[in-house]
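Visitor: give me the fold of what follows.
(2 chains)
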There are 2 protein chains.
Amino acid sequence: MNQLYGGLEAGGTKFVCLVSAGPDEVVDEIRIPTTLPDETIARVIAFFEPHRRQGRLAAIGVGSFGPVDLDCASPTFGTITTTPKPGWSQVDLRGRLERALGLPVAFDTDVNAAALGERCWTPGNQALDPFVYVTVGTGIGAGVLANDRPLHGLVHTEVGHGLIPHDWRRDPFPGLCPFHGDCWEGLASGPAMAARWGQPPESLPAEHPGWALEAHYISLAVVNLICAYSPRRIVLGGGVAQHPGLHAAVQARVQKLLNGYIHSPLILEHMDEYLVPPSLGKRSGVLGAIALAMNVIPQ
Amino acid sequence: MNQLYGGLEAGGTKFVCLVSAGPDEVVDEIRIPTTLPDETIARVIAFFEPHRRQGRLAAIGVGSFGPVDLDCASPTFGTITTTPKPGWSQVDLRGRLERALGLPVAFDTDVNAAALGERCWTPGNQALDPFVYVTVGTGIGAGVLANDRPLHGLVHTEVGHGLIPHDWRRDPFPGLCPFHGDCWEGLASGPAMAARWGQPPESLPAEHPGWALEAHYISLAVVNLICAYSPRRIVLGGGVAQHPGLHAAVQARVQKLLNGYIHSPLILEHMDEYLVPPSLGKRSGVLGAIALAMNVIPQ
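Guide: Below is the predicted model of the structure:
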């Protein structure tokens, strides 16, 4: 019987848990609504506990919403730090799972986990370094693998709060970020689109000018990701970004904005292979948490 | 007698060569104007050759202007690729040195070498990861160490060509980048300042509004570097950035722009320890090339 691993994608609205040996071998799965920490974490533990008792679980991997403390030398390693989400500030998510289950718990951001999942479980991606997973949905963020490990440092990447040119002429909307107004997330997240147009993005018709503006802002930020990381592939995930036609619009616009400066056939001729949708659909994060768990065990 | 290493910082206007065992033990040094490749490279070889003949040189490190091919699996690894600099396109700088001197030659960008130099030779910097060296001068670029190695991938970082908000109200100057107009380099390099104000930055008086605008643009881009890499320290080098008062202005403005979002005492309280001038002055690049050379030899 194969060794199994536990994966948890801890999100602001739901926690997704898997027991699995990889993407094609999922033994058990649950979705738990994110309520208060005690209740939600107890349900996570109750889900993993029977598998642990059977002795088949080697480790748990967690990809968490943030901000989180990823410094393994810090006394608050594995803690969700200053989230506005009621009750979740300073919650030691990693420690509570580790103590309750008695298993090693690997911990990273949700987006770093998603990047790991997409690289680890997608044929053709394994050797690509740097590798970037971007999500454009309720929030905006990116996971980055660089020199074969997730990138973190002082805290972790926060590319959603990076600054891009705001097209005031076309777009008088001031931006929605409580910290930065018109940072990328403030201009282009799902809630920003909803506030600008008075309706949620999923109800905007295909020909609505909001989609061209959205493609423009995502493209400006993708140019910055390319200039920052020189990634070998970018996965563009998240609910807003899966709108039909958006990927193609971003591919074309990024090419135009870069204007031939980056001399790579991938960018000049094969943008459809360079900027791609998630191959794991909505499971990038939780399957990446499985990959995190596998890494925590010395092979 | 100590083992010695050769370092070359290959720049667009001059090539700086060192023979050294580290920052405090420089045995020989030369500055060669960058003319045509045959002439310049011949002078580099002539400088290193007597040291090689004495058997004391273990390896050469090169930090080069670019764009360069850093893919060691590529047939053009170590080549300067598509530079507009006359005669230097497709010059196999690494290969020509290796063949002429019969020594291993480590090769990276000038800014990655400078980042290595600043981290390797500055007490207190060695464990800082990620680590970023930014230069704002004739050009704008950054070297990044992440997970203990220089960051490169499809090509290498090109943060100077990243896009930042252009303050059209204060600044109708359209930008100087031949590819992107008002990218960071197009707005804030030395030549951009000279074109905007009709005089070179070194002749602008301290109270000229150009300096506040320059601090603003550098700050926007530094915010993006922090959001992208979450570095543990940023060294701000380059001629333009050493203008008196500019570092302090950028520190204050970055803090204001981040607006408390990144919860780190370094950013909230100790920006003067976080965003710092180069400790090696103008020698960051060439001493980083020495560090590159030391890494190429199995220790």
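Visitor: interface residues of the stretch 101-250 of chain A facing chain B?
Guide: Residues of the stretch 101-250 of chain A lying close to chain B (C-beta under 8 Å from any C-beta of the partner chain) are A:129-130, A:146-149, A:151-166, A:179-180, A:182, A:220, A:223-232. Glycine gets a C-beta too; all of them are placed from N, C-alpha and C.
Visitor: sort out for me which of these are in helices.
Guide: A:220, A:223-229 (DSSP state H).
Visitor: hmm, which two among those are most spread apart?
Guide: A:220 and A:229 (15.6 Å; C-beta to C-beta).
Visitor: pull the contacting residues for the residue in the stretch 1-150 of chain A positioned nearest to chain B.
Guide: Nearest residue of the stretch 1-150 of chain A to chain B (C-beta to the nearest C-beta) works out as residue A:147 at 4.0 Å. By C-beta atoms under 8 Å, 6 or more residues apart in numbering or on different chains, the residues touching residue A:147 are A:129-130, B:146-149, B:151.
Visitor: kindly recompute the last result at 7 Å.
Guide: Neighbouring residues of residue A:147 by C-beta atoms under 7 Å, 6 or more residues apart in numbering or on different chains: A:129, B:146-147, B:149.
Visitor: considering those, which possesses the most neighbours?
Guide: residue B:146 (26 neighbours; other C-beta atoms under 10 Å in any protein chain shown).
Visitor: can you tell me how far it is from chain A?
Guide: Separation of residue B:146 from chain A (C-beta to the nearest C-beta, to the nearest Å): 4 Å.
Visitor: just the pLDDT at that residue, thanks.
Guide: On the pLDDT scale, residue B:146 is placed at 97.
Visitor: partners of it in the sheet?
Guide: residue B:149 (DSSP bridges).
Visitor: for chain A, give me the ranges with low pLDDT.
Guide: Low-confidence regions of chain A, defined here as pLDDT under 70, cover residues A:1, A:297-299.
Visitor: can you give me the strands for it?
Guide: Using DSSP state E, the strands assigned to chain A run over residues A:4-10, A:14-20, A:26-33, A:57-64, A:105-109, A:131-136, A:140-146, A:149-150, A:233-237, A:275-276.
Visitor: the fifth one - contacts with which helices or strands?
Guide: Translated: strand A:105-109. strand A:57-64, helix A:93-101, helix A:284-296 (3 or more C-beta pairs under 7 Å, 6 or more residues apart in numbering or on different chains; DSSP states H and E).
Visitor: ok, residue A:120 - how many residues close by?
Guide: 21.
Visitor: which residue sits closest to it in space, ignoring its chain neighbours?
Guide: residue A:291 (4.2 Å; C-beta to C-beta, 6 or more residues apart in numbering or on different chains).
Visitor: also residue A:159?
Guide: The nearest residue in space to residue A:159 (C-beta to C-beta, 6+ apart) is residue A:142, at 4.5 Å.
Visitor: so that neighbour bridges to which residues?
Guide: residue A:134.
Visitor: that one and residue A:134 touch, don't they?
Guide: Yes - the pair residue A:142 and residue A:134 qualifies as a contact (C-beta atoms under 7 Å) at a distance of 4.6 Å.
Visitor: touching both of these two, which residues are there?
Guide: residue A:225.
Visitor: distance of the nearest residue to residue A:292 once chain neighbours are set aside relative to residue A:79?
Guide: Here the nearest residue to residue A:292 in space, its sequence neighbours aside, is residue A:61; by C-beta to C-beta, 6+ apart that works out to 3.2 Å. Distance of residue A:61 to residue A:79, computed by C-beta to C-beta, to the nearest Å: 17 Å.
Visitor: that older thread, pick out whichever of residue A:220 and residue A:229 has more residues nearby.
Guide: residue A:229 (31 against 25).
Visitor: so what's the more buried one up against?
Guide: Contacts of residue A:229 (C-beta under 7 Å, 6+ apart): A:130, A:132, A:144, A:146, B:151, B:153.
Visitor: any idea how far it is from residue A:7?
Guide: For residue A:229, the distance to residue A:7 - C-beta to C-beta - is 25 Å.
Visitor: over to residue A:49?
Guide: 15 Å.
Visitor: which residue of those two possesses the greater neighbour count?
Guide: Remark: of residue A:49 and residue A:7, residue A:7 carries more neighbours, 31 against 13, as counted by other C-beta under 10 Å.
Visitor: any idea what that one is bridged to?
Guide: If you apply DSSP bridges, the partners that residue A:7 bridges to are residue A:18, residue A:61.
Visitor: thinking it is in contact with residue A:61, fair?
Guide: Yes - using C-beta under 7 Å, residue A:7 is in contact with residue A:61, at 5.2 Å.
Visitor: overlap in contacts of these two?
Guide: Taking C-beta under 7 Å, 6+ apart as the contact rule, residue A:7 and residue A:61 both touch A:289-290, A:293.
Visitor: next, name the residue at the spatial heart of chain A.
Guide: The centroid of chain A falls nearest to residue A:111 when counting by C-alpha atoms, centre = their mean (2.5 Å).
Visitor: and that residue, how far is that from residue B:64?
Guide: Relative to residue B:64, and taking C-beta to C-beta, residue A:111 is found at 33 Å.
Visitor: returning to what we had before: mind putting the shared contacts of residue A:7 and residue A:61 into CSV with neighbour count and distance to residue A:105?
Guide: Shown next, in CSV, are those (neighbours: other C-beta atoms under 10 Å in any protein chain shown; distance: C-beta to C-beta, whole Å):
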residue, neighbour count, distance to residue A:105
A:289, 34, 10
A:290, 33, 13
A:293, 26, 8
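Visitor: ok, residue A:61 and residue A:79, which is more surrounded?
Guide: Neighbour count, other C-beta under 10 Å: between residue A:61 and residue A:79, residue A:61 has more, with 29 against 21.
Visitor: that one reaches residue A:289, doesn't it?
Guide: Yes - Residue A:61 lies in contact with residue A:289 (C-beta under 7 Å); the separation is 3.9 Å.
Visitor: any common contacting residues for those two?
Guide: With C-beta under 7 Å, 6+ apart, residue A:61 and residue A:289 have common neighbours residue A:7.
Visitor: so who does the residue lying closest to residue A:85 once chain neighbours are set aside touch?
Guide: Nearest non-adjacent residue to residue A:85, counting by C-beta to C-beta, 6+ apart: residue A:12, 5.8 Å away. Residue A:12 makes contact with A:34, A:65, A:85, according to C-beta under 7 Å, 6+ apart.
Visitor: tabulate these (TSV), appending neighbour count.
Guide: Formatted as TSV, these follow (neighbours: other C-beta atoms under 10 Å in any protein chain shown):
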residue	neighbour count
A:34	17
A:65	23
A:85	14
